[in-house]
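Participant: My questions are about this predicted structure, shown below with the sequence.
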Amino acid sequence: MSTTTAPASAPAEPTGTAPDSRPSKVRGRGERSRAASLASHGVLTVAGLIALFPVAWLVYLSLGPDKDDYLHPGRIWSKMTLDNYAFVLQHTNFFDWLKSSLIVSLGTTVIGVMVAATTGYAVSRMRFPGYRKLMWVLLVTQMFPIAVLIVPMYQILSEIQLVDSYLGLILVYCSTAVPYCAWLLKGYFDTIPFEIDEAGRVDGLSPFGTFFRLILPLARPGLAVAGFYSFITAFGEVAFASTFMLSDTKYTFAVGLQSFVSEHDAQRHLMAATAVLVAIPVSAFFYLVQKNLVTGLTAGGTKG
């Protein structure tokens, strides 16, 4: 006699609407809510507008035909003109200022970065007597104000006959740019593994060969930051340039802008137009190195 087992009946579903069994969405780690994203984007937009406002205002003032238009900016809109730019390009020493600024800035960048790179690499890799004191001496040199340094530097340049010369001004700017760039590059070289140096020596490279062929290509972001700092330092400096450069044709942009201001008059419309033109080379240089700026600024601080 066979027996059969009846299948168990499914439990009866409760009457009424069943609750939603779908799991609620859980934000992952680091994921922000929509309100937080909107708030952050709003803050960044406002910050961007604040940063761009002075530049836009300078461009707007440069379009006013009269020197007193900055007192009544609302009147500029109805009489905008490019005559200020035409006057600056045709009737001033603009191109002489451009040549002088590029010679001094690029010279400071090349010489300053080379000296700073070799100094930073030596302190990062070699343990010679007084290497720590050397870096502290470089740091202490940044504590002296420019007003204190002008007189002794002028005497030194006079003795070696480099007053009113591009080389003299480049050396003066290197004395300001090299200490900071050496500290910056030293921190960046510390992040490069020492095994790379050892591999270069195993392959028969000299210390200079290891530095130029292996280390420098890896330190490109740090070199970009150092070069950008050196370029900006030389391009926008006023005190040294106005003291050591005596010829009108050797003025840099920063000094040339002062020619629009006299004791009883100030041609602010021409100054604004010149300032806009001055910003073009700096913007172009920033565009060339922008890819490496963020990497270079952050990597150097990961290891001291």
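Facilitator: Perfect, I can see it now.

Participant: can I assume G236 is in contact with A275?
Facilitator: No. Taking contacts as CB atoms under 8 Å, G236 lies outside contact range of A275: 10.8 Å. C-beta: built from backbone N, CA, C; applies to glycine.

Participant: With neighbour numbers in mind, choose between the two.
Facilitator: It is A275, of G236 and A275, that has more neighbours when counted by other CB atoms under 10 Å, with 18 against 15.

Participant: so that one, which of the three states?
Facilitator: Here A275 is recorded as helix under DSSP: H, G, I helix; E, B strand; the rest coil.

Participant: what's the neighbour count on the closest residue to it other than its chain neighbours?
Facilitator: Here the nearest residue to A275 in space, its sequence neighbours aside, is L58; by CB to CB, 6 or more residues apart in numbering that works out to 6.0 Å. Applying other CB under 10 Å, we find 15 residues neighbouring L58.

Participant: what's the answer for the one 4 residues further on, then?
Facilitator: Neighbourhood size, S62 [other CB under 10 Å]: 25.

Participant: Please list all residues in contact with the residue nearest to A275.
Facilitator: Neighbouring residues of L58 by CB atoms under 8 Å, 6 or more residues apart in numbering: 272, 275-276.

Participant: try I111
Facilitator: Contacts here follow CB under 8 Å, 6+ apart; on that basis I111 touches 170-171, 174.

Participant: can you give me how far the helix or strand hosting V225 is from the chain middle?
Facilitator: Element membership for V225 (DSSP states H and E) is helix 220-235. Put simply, helix 220-235 sits 7 Å off its chain's centre (CA atoms, centre = their mean, to the nearest Å).

Participant: list the buried ones in the following helix or strand past it?
Facilitator: Next helix or strand after helix 220-235 toward the C-terminus (DSSP H and E): helix 239-244. Buried residues in helix 239-244, counted by 16 or more other CB atoms under 10 Å: 240-241, 243-244.

Participant: what does stretch 131-138 give?
Facilitator: So for stretch 131-138, counting by 16+ other CB under 10 Å, buried means 135, 138.

Participant: Just the C-alpha atoms of that stretch, please, in CSV.
Facilitator: Coordinates of the C-alpha atoms in stretch 131-138 are reproduced here as CSV (Å, rounded to 0.1, in the frame of the first residue of the first chain):
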residue,chain,number,x,y,z
TYR,A,131,73.7,69.9,3.8
ARG,A,132,71.0,70.7,6.3
LYS,A,133,72.5,74.1,7.1
LEU,A,134,72.6,74.9,3.4
MET,A,135,68.8,74.5,3.1
TRP,A,136,68.2,76.6,6.2
VAL,A,137,70.5,79.3,4.8
LEU,A,138,68.4,79.3,1.6
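
Participant: what sits up against it?
Facilitator: By CB under 8 Å, 6+ apart, stretch 131-138 touches 119, 122-123, 178-179, 182-183, 186.

Participant: which among those residues gets closest to L102?
Facilitator: Taking CB to CB as the measure, L102 sits nearest to V178 out of those, at 20.0 Å.

Participant: how far out from the middle of the chain is stretch 152-168?
Facilitator: Put simply, stretch 152-168 sits 28 Å off its chain's centre (CA atoms, centre = their mean).

Participant: what mean pLDDT does it have?
Facilitator: Mean pLDDT, computed over stretch 152-168, is 92.

Participant: Dump stretch 235-248 to CSV, restricted to CA.
Facilitator: The C-alpha trace of stretch 235-248 is given here as CSV (Å, rounded to 0.1, in the frame of the first residue of the first chain):
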residue,chain,number,x,y,z
PHE,A,235,57.8,89.1,-15.0
GLY,A,236,55.9,91.1,-12.4
GLU,A,237,58.6,92.5,-10.2
VAL,A,238,58.9,96.3,-10.0
ALA,A,239,61.4,97.4,-7.3
PHE,A,240,64.6,95.7,-8.6
ALA,A,241,63.7,96.4,-12.3
SER,A,242,63.1,100.1,-11.7
THR,A,243,66.4,100.5,-9.8
PHE,A,244,68.8,98.4,-11.9
MET,A,245,67.4,99.2,-15.4
LEU,A,246,68.2,102.8,-16.4
SER,A,247,67.4,102.8,-20.2
ASP,A,248,63.9,103.3,-21.4
